[in-house]
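**Student:** Provided below are the primary sequence and the corresponding predicted coordinates.
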Amino acid sequence: MLIFPAPPFPYVLHSGFAALEVGERHLSRRNLDCFDLIVVFRGRLYMGEESSVWTVEAGEYLILRPDLYHYGADVCEERTEFGWVHFRAAGEWHDEMPKRLPAEERALLALPQKGTVRNLHHTIETLTEIDELQHRGEKLRRTLRRQHAFQEMLMLFEPAGLEDQSPLQAQRVAANAANWIEEHYSLPLTAASIGKALNFHPAYVARCMKTTYGLTPLDYVKQVRLRNAQRLLMATDESIDGISERVGYGSNTYFARLFVRQYGMTPSEFRRSYR
């Protein structure tokens with residue numbers, strides 16, 4: 001999840017359209033210094049960012065971070081067409097819900113790093129408008145129209161249902177839940193135990209986290225556990241069994257299966273790749 005306190009909103013730099021033929025792959029880049037938003041219209045794009053790998057289908061988007069190495073993870077198996085937008089955060093940004101939420105007059109734009117475009121046809125039209133305005137010159141009115149179109153498009157990438165709630169209230173509950181999970185992830189957690197700790201019904205906590213992060217509480221627990229397992233694998237010589245237990249998994253087999261599903265390699269293979 002990418003979190004942008006707003007205003008100020010992220011702002012657009014450059015945009016365009018591209019196509020890859022069978023056997024071609026997306027180029028690799030390091031230190032791009034801006035976010036790279038990719039929306040796939042046709043085909044299937046294989047992208048990687050450090051140790052994370054995604055398959056982006058037609059009708060899906062992916063946002064690549066400015067501070068991480070990204071690359072084409074595999075060649076295209078069919079002609080793949082996509083639009084792209086390079087943008088920057090005008091202020092701070094986070095890859096998880098910040099512990100201190102913004103004042104009441106500000107909001108949080110919370111975007112899953114990868115997701116489904118709710119209205120692909122409208123998104124293509126908006127990308128076309130952004131691109132056409134880019135090539136007419138950077139006059140003030142055109143620049144403002146271009147930025148407005150970009151902001152409207154980003155709203156389509158927020159998790160469905162977020163705009164129908166009290167967004168800041170849901171985000172505060174989700175942030176409290178996320179912070180509590182970060183501190184207690186090694187315990188045997190259930191949706192009921194998380195709700196009890198926060199004094200909210202588990203279904204309400206789940207709805208707030210789903211709309212804010214695109215994840216259920218237990219999905220979030222899994223991500224936190226696996227992220228901490230990655231850190232331990234890289235920074236320590238502790239056994240796989242020991243790490244599995246430390247992050248909250250009693251079964252080493254179950255831990256290894258989740259790790260492979262998330263990162264495409266076993267814990268041992270991951271450790272060797274960083275040694």
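**Tutor:** Received it, and whenever you're ready, just let me know what you need.

**Student:** before we move on, what SS does the closest residue to Glu92 other than its chain neighbours have?
**Tutor:** Once flanking residues are discounted, Glu92 sits nearest to Pro5: 6.2 Å by CB to CB, 6 or more residues apart in numbering. Just so you know, the C-beta spots here come from the backbone N, C-alpha and C atoms, and that holds for glycine as well. Secondary structure, DSSP: H, G, I helix; E, B strand; the rest coil: Pro5 is strand.

**Student:** Distance check, Pro5 against Gly91.
**Tutor:** Pro5 sits 6 Å away from Gly91, going by CB to CB, to the nearest Å.

**Student:** same deal with Leu27?
**Tutor:** 29 Å.

**Student:** Give me the more crowded residue out of the two.
**Tutor:** Gly91 (13 against 10; other CB atoms under 10 Å).

**Student:** any idea of the pLDDT on the nearest residue to the more buried one once chain neighbours are set aside?
**Tutor:** Leaving aside its sequence neighbours, Gly91 sits nearest to Pro8 (CB to CB, 6+ apart; 5.4 Å). On the pLDDT scale, Pro8 is placed at 82.

**Student:** and Pro8, how many neighbours?
**Tutor:** Around Pro8 there are 12 other residues, counting by other CB under 10 Å.

**Student:** Then it would be within a helix, right?
**Tutor:** No: applying three-state DSSP, one finds Pro8 to be coil, outside a helix.

**Student:** Contacts only, for the residue nearest the centre of the chain.
**Tutor:** The residue lying closest to the centre of the chain (CA atoms, centre = their mean) is Gln113, at 2.1 Å. The neighbours of Gln113, taking CB atoms under 8 Å, 6 or more residues apart in numbering as the test, are Met1, Leu2, Leu62, Ile63, Arg65.

**Student:** Identify the farthest-apart pair in those.
**Tutor:** Across the contacts of Gln113, no pair lies farther apart than Met1 and Leu62, at 13.3 Å, counting by CB to CB.

**Student:** Pick out whichever of those two has more residues nearby.
**Tutor:** Legend: neighbour count by other CB under 10 Å for Met1 and Leu62, higher for Leu62 (22 against 19).

**Student:** can you give me the helices for this protein?
**Tutor:** Remark: helices assigned in the chain by DSSP state H are 120-134, 140-155, 167-184, 191-198, 202-213, 217-235, 240-246, 252-263, 267-273.

**Student:** closest to Glu81 out of these?
**Tutor:** Closest among these, using CB to CB: helix 120-134, at 10.0 Å.

**Student:** Dump the closest one to CSV, keeping only the CA atoms.
**Tutor:** Provided in CSV are the C-alpha atoms of helix 120-134 (Å, rounded to 0.1, in the frame of the first residue of the first chain):
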residue,chain,number,x,y,z
LEU,A,120,-10.7,0.8,-17.8
HIS,A,121,-12.3,2.6,-20.7
HIS,A,122,-12.5,5.9,-18.6
THR,A,123,-8.9,5.4,-17.5
ILE,A,124,-7.7,5.0,-21.1
GLU,A,125,-9.6,8.2,-22.0
THR,A,126,-8.0,10.0,-19.1
LEU,A,127,-4.5,8.8,-20.0
THR,A,128,-5.0,9.9,-23.5
GLU,A,129,-6.1,13.4,-22.3
ILE,A,130,-3.1,13.6,-20.0
ASP,A,131,-0.8,12.6,-22.9
GLU,A,132,-2.3,15.0,-25.4
LEU,A,133,-2.1,18.0,-23.0
GLN,A,134,1.5,17.1,-22.4
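
**Student:** Return the distance of that helix from the chain's centre.
**Tutor:** Distance of helix 120-134 from its chain centroid, counting by CA atoms, centre = their mean, to the nearest Å, is 22 Å.

**Student:** go on, stretch 239-251?
**Tutor:** Averaging C-alpha positions (CA atoms, centre = their mean) puts stretch 239-251 26 Å from its chain's average.

**Student:** How about stretch 8-16?
**Tutor:** Remark: stretch 8-16 is offset 17 Å from the chain centroid, using CA atoms, centre = their mean.

**Student:** got the buried residues for it?
**Tutor:** By 16 or more other CB atoms under 10 Å, the buried positions in stretch 8-16 come out as Phe9, Pro10, Val12, Ser15.

**Student:** Closest one of the residues you listed to Asn228?
**Tutor:** Asn228 lies nearest to Pro10 out of the buried residues of stretch 8-16, by CB to CB, at 29.1 Å.
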